[in-house]
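**Q** predicted model, plus sequence, below.
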Amino acid sequence: MNARDLDASASVTERITAAITQAIVERRLMPGTKLVEQQLADIFDCSRTLVRQALNQLSRDRLVKLEPARGAFVAQPSVEEARQVFEVRKMLEAAMLTHLCQRITPAQIKQLRAHLKQERDAIGRTDVPGRTRLLADFHVVLARMQGNEVLAQLLTDLLSRSSLIALMYQSSHSAAESQSEHEAIVDALEARDKRAALKLLEAHLGNVEANLRLDPRVQDLKSVLQP
C-alpha cells in the first residue's frame with residue numbers, strides 16, 4: 001500500500017470515528033447499542049478492516065467496549081465511573097475559569113455571547129442534537145480560550161464520556177436550565193468575579209450530574225450514522 005492509499009484509509013477511519021463520537025455526543029447513539037462491523041462498512045462504503053480500526057480507536061477512547069465473540073458496543077459507564085468523570089471535570093473546569101477570570105478579553109466575551117445565542121436558538125426550535133452539541137461545546141470554547149489545545153482535547157474527551165453517562169436525551173427544561181447557567185457564568189467572567197464564576201460552575205455541573213437518567217434504548221445504526 002502506497003502513502004496515498006494509507007492517507008485515504010486513515011481519512012476513512014477518522015470519518016467513522018468522528019461520526020460515531022458525534023452521534024454519542026448528540027445522544028443519538030445510546031449506551032449498549034451494538035455496532036455491527038458489516039453494517040458500519042455498508043454505511044461508510046469501506047472495508048471491515050477500516051471499521052475495525054475505528055472501533056479500536058473508540059475503544060481506546062473508552063467510548064466503545066469490545067467483547068470477545070460478541071462484538072462492539074457503545075460503552076455503558078458505571079455509576080462510579082460517572083461520579084469520577086464529573087469529579088475530574090469540576091477540578092479541570094474550576095482551574096480553567098480561575099485562569100480565564102484573570103485575563104479574558106472583550107473579544108472573547110463577545111465570542112461567548114454569540115455562542116450563547118446559538119444555544120438559545122437551538123433550544124427555541126427544539127433542535128435536540130444541536131442544543132446538546134452546543135451546550136457541550138460551550139465548555140470546549142472556554143478551554144480553547146486558554147490557548148491550550150491539549151486542555152481543549154482533554155475536555156472534549158471528558159464531554160464525550162459525559163454524554164455517554166447521560167444515558168438519555170435531555171428534557172427541554174433541563175436544557176434550558178443549563179443554558180441559563182451558562183449565561184450566568186459568562187456574566188461572572190465579564191465581571192471578572194472569580195468567586196461567583198466558580199460557585200456557578202460547581203452548581204451547574206452538579207445540576208447536570210443530578211439530571212442523569214438510565215434509559216438504554218437501542219437505536220438503528222443506519223438511521224443514526226447515514227451520511
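**A** Alright, I've got the coordinates. Numbering: from 1, shown residues only.
**Q** which residues does the lengthiest helix in the chain contact?
**A** In the chain, assigned by DSSP state H, the helix with the most residues is helix 79-103. Residues external to helix 79-103 that are found in contact with it (CB atoms under 8 Å, 6 or more residues apart in numbering): 77, 108, 139, 142-143, 145-146, 151, 154-155, 158, 161-162, 165, 185, 188-189, 192-194, 197-198, 201-202, 205, 208-209, 212. C-beta: built from backbone N, CA, C; applies to glycine.
**Q** of these, grab the buried ones for PyMOL.
**A** Buried residues within the contacts of helix 79-103, by 16 or more other CB atoms under 10 Å, are selected in PyMOL with:
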select buried, resi 77+108+139+142+143+145+146+151+155+158+161+162+165+185+188+189+194+197+198+201+205+208+209
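**Q** from the contacts of helix 79-103, which land in helices?
**A** Among the contacts of helix 79-103, DSSP H puts 108, 139, 142-143, 151, 154-155, 158, 161-162, 165, 185, 188-189, 194, 197-198, 201-202, 205, 208-209 in helices.
**Q** now the phi/psi pair for V74, please.
**A** Dihedral angles of V74 (phi, psi; degrees, to the nearest 10) stand at phi -60, psi 130.
**Q** show me what it is bridged to.
**A** Going by DSSP bridges, V74 is paired in beta bridges with V64.
**Q** pLDDT wise, what is the residue most central in space within the chain at?
**A** In the chain, the centroid-proximal residue (CA atoms, centre = their mean) is S160; its distance is 3.4 Å. Note for S160: predicted pLDDT of 80.
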